[in-house]
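Chemist: Output the structure for:
(chains A and B)
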Amino acid sequence: MKDELKALLPLSPAALHILLALAGEDRHGYGIMQEVARQSQSQYEIGPGTLYDNLEKLMRRGLVQDAPRRSASEDPRRRYYRLTSFGRRVLAADLERLRAVLKEAKAALPALESRSST
Amino acid sequence: MRRFLYRALIALHPRSFRERFGEEMMSIFDEPAMKRDGTLFADAFISLGWQWLVRSNLWKLAAGAALSALILCGWGYAFTQSTSTSMERELQIMAGNPAYHRASDLLDENEFEREAAQAVAILAQIHKTERRNEKRER
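Modeler: Okay, the predicted model is just below:
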């Protein structure tokens, strides 16, 4: 199982943002797009093509699954998506990897700054 | 018009993807806050290429076709090169260019007869010597 998890890492930026958007609650496609833009302060935005291309891949790998519709009054074309427990573990593992990268970057930053100032 | 174009782009996606996500993509396109600018169409184009080439494994077919075409081109080039060389040679021989000869032209008939006569004479001499030796032994 651990190998299966490792094989999925590192996640692509789009996949990482989609999983992060679904970490808090079930969302439909447009909701995921809005949440990705909010989380990145609009620095990273994904279009519907990129979103569904990645969603298809994530669903095929068992990281995301369909979720029940919230209300009947909504646009019937909308479908909701949910993070699976496996998806949650993969996300946690990738965040841990990023944390280690960030730690290294912080340690290297003073050296980089002094080099760039000379 | 833009809606029609976007729907057409979705329709060009592989069937499984289109049936699964096509209507949702249209619902996002219809969102009032959605910017229907070039980036949205560029995104659909990228998704289209990605779906056909990578996700549908069509790239394997494309790579196979490219490799086959390369091999065929190489073989065709080698074949035309060898054909044109031999054709050029025949044309030069027909034109009487002394630099080109047929293999049979390389044999001079008189010279051949002379060489053959010498070989026969040598063989006859050997035979004669052998017979003389045999007589002496007796």
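
Chemist: all helices for chain A, in order.
Modeler: In chain A, the helices defined using DSSP state H lie at A:2-7, A:13-24, A:29-39, A:48-60, A:85-117.

Chemist: Flag every buried residue along whichever strand or helix holds residue B:73.
Modeler: In this structure, residue B:73 is located in helix B:58-94 according to DSSP states H and E. By neighbour count on 16 or more other CB atoms under 10 Å in any protein chain shown, the buried set for helix B:58-94 is empty. From N, CA and C alone the C-beta is placed, and that goes for glycine too.

Chemist: touching chain A at all, it?
Modeler: No. For helix B:58-94, no contact with chain A is found by CB under 8 Å from any CB of the partner chain; the gap never falls below 14.6 Å.

Chemist: my read: residue B:46 touches residue A:52, true?
Modeler: No. Counting by CB atoms under 8 Å, residue B:46 stays clear of residue A:52, with 11.9 Å between them.

Chemist: So for these two, which sits in the more crowded spot?
Modeler: residue A:52 (25 against 14; other CB atoms under 10 Å in any protein chain shown).

Chemist: Write out the residues of chain A neighbouring chain B.
Modeler: So chain A meets chain B at A:28-30, A:33, A:46-50, A:52-53, A:55-57, A:75, A:77-79 (CB under 8 Å from any CB).

Chemist: Narrow these to just the buried residues.
Modeler: A:28-30, A:33, A:46-50, A:52-53, A:55-57, A:78-79.

Chemist: Can you name the residues in contact with stretch B:118-132?
Modeler: Applying CB atoms under 8 Å, 6 or more residues apart in numbering or on different chains, stretch B:118-132 has no contact partners.

Chemist: Mind listing the residues bridging to the nearest residue to residue A:82 once chain neighbours are set aside?
Modeler: Leaving aside its chain neighbours, residue A:82 sits nearest to residue A:67 (3.8 Å; criterion: CB to CB, 6 or more residues apart in numbering or on different chains). The bridge-partner assignment for residue A:67, based on DSSP bridges, gives residue A:80.
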